[in-house]
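Trainee: Here's a sequence, model it:
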Amino acid sequence: MIRRSTEREAGWRRAVRSLGLAALLLLAGCAQMDMGQPQVSMDNQLLVRNSRLAPVSVGSFAADPRARAELDEGVKIRTNALRSPFNGSLAAYLRETLLVELKAAGLFSADSPRTVTGVLLESSVDSPVGVGKATLAGRFTVQEAGRATFERTLRAEASWDSPFVGVVAIPIAAGQYEALYRKLIGMLLADQDFRKALTEG
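Mentor: Model prediction:
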């Protein structure tokens with residue numbers, strides 16, 4: 001009786017695993033995924049901790065008008081589409097990533113005379129079997145009193161081991177790509193000229 005119950009439980013476990021695998025395989029077939037909400041990075045917060053940076057407002061972020069229209073719409077990871085949760089705009093996702101970091105550090109003020117704007121220049125993910133690669137680039141500008149006090153193009157890259165199985169490779173690639181947004185904002189916060197443009201006094 002005990003053995004029969006144990007076998008029945010084992011059968012249920014196998015069935016659940018099979019259903020889970022089937023769902024994952026369907027997901028890997030051809031699906032649309034939303035990126036996660038931007039999260040505060042401890043590394044980025046350490047960059048601005050105890051700094052003399054003045055609060056700044058965040059203006060418009062848009063895709064490069066000279067680039068292909070698809071630049072702002074998302075990226076393709078094998079057969080899956082990865083999109084921004086902010087009206088499907090990757091430029092808006094970059095803006096929100098900066099906003100999250102500034103607010104967490106107490107460096108955001110809608111009334112600040114300094115404004116950061118941005119242009120999304122490049123966004124790509126390649127996740128073949130072997131080595132996956134992703135790139136994100138943007139141009140950032142700080143304006144104060146009608147003039148630009150800072151302008152810089154920054155580019156972040158990532159590479160990783162990309163497995164054969166799609167249900168494993170796709171989430172890894174998505175995570176690596178999303179992390180580039182935090183990395184790019186970290187590069188901005190660490191830029192000495194950017195910090196100078198935001199230094200009080």
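
Trainee: Name the SS class of Asn50, please.
Mentor: Recorded secondary structure, Asn50: coil (DSSP: H, G, I helix; E, B strand; the rest coil).

Trainee: and the gap between it and Ala105?
Mentor: 10 Å (C-beta to C-beta, to the nearest Å). From N, CA and C alone the C-beta is placed, and that goes for glycine too.

Trainee: So which of these two has more stuff around it?
Mentor: Remark: of Asn50 and Ala105, Ala105 carries more neighbours, 19 against 6, as counted by other C-beta atoms under 10 Å.

Trainee: Val48 is in contact with that one, correct?
Mentor: Yes: Ala105 lies in contact with Val48 (C-beta atoms under 8 Å); the separation is 4.7 Å.

Trainee: Verify the assumption that Ser60 is located in a strand.
Mentor: Yes: with three-state DSSP as the criterion, Ser60 is assigned to a strand.

Trainee: show me what contacts it?
Mentor: Contact partners of Ser60, counting by C-beta atoms under 8 Å, 6 or more residues apart in numbering, are 95, 117-118.

Trainee: From Tyr93, how far off is Asp191?
Mentor: 20 Å.

Trainee: no wait, Leu121
Mentor: For Leu121 relative to Tyr93 (C-beta to C-beta), the value is 14 Å.

Trainee: who's more crowded, these two?
Mentor: Tyr93 (24 against 19).

Trainee: Checking the more buried one next. Helix, strand or coil?
Mentor: helix.

Trainee: neighbours around the closest residue to it other than its chain neighbours, how many?
Mentor: Counting by C-beta to C-beta, 6 or more residues apart in numbering, Tyr93 lies nearest to Ser84, which is 4.0 Å off, once chain neighbours are set aside. Ser84 is flanked by 21 other residues according to other C-beta under 10 Å.

Trainee: got the phi/psi numbers for Ser84?
Mentor: phi -80, psi 140 (degrees, to the nearest 10).

Trainee: so it touches Thr97, yeah?
Mentor: No: judged on C-beta under 8 Å, Ser84 makes no contact with Thr97 at a distance of 10.4 Å.

Trainee: any idea how this protein splits into domains?
Mentor: As given by automatic domain parsing, the domain ranges for the chain are 1-30, 32-197.

Trainee: which of those sits most buried?
Mentor: Highest mean neighbour count among the domains of the chain (mean count of other C-beta atoms under 10 Å): domain 32-197, with a mean of 17.

Trainee: End to end on that domain, go ahead and measure it.
Mentor: 40 Å (C-alpha to C-alpha, to the nearest Å).

Trainee: In which helix or strand does the residue minimising distance to the centre of the chain reside?
Mentor: Nearest residue to the geometric centre of the chain (C-alpha atoms, centre = their mean): Glu178, 3.0 Å. Glu178 belongs to helix 166-190 when assigned by DSSP states H and E.
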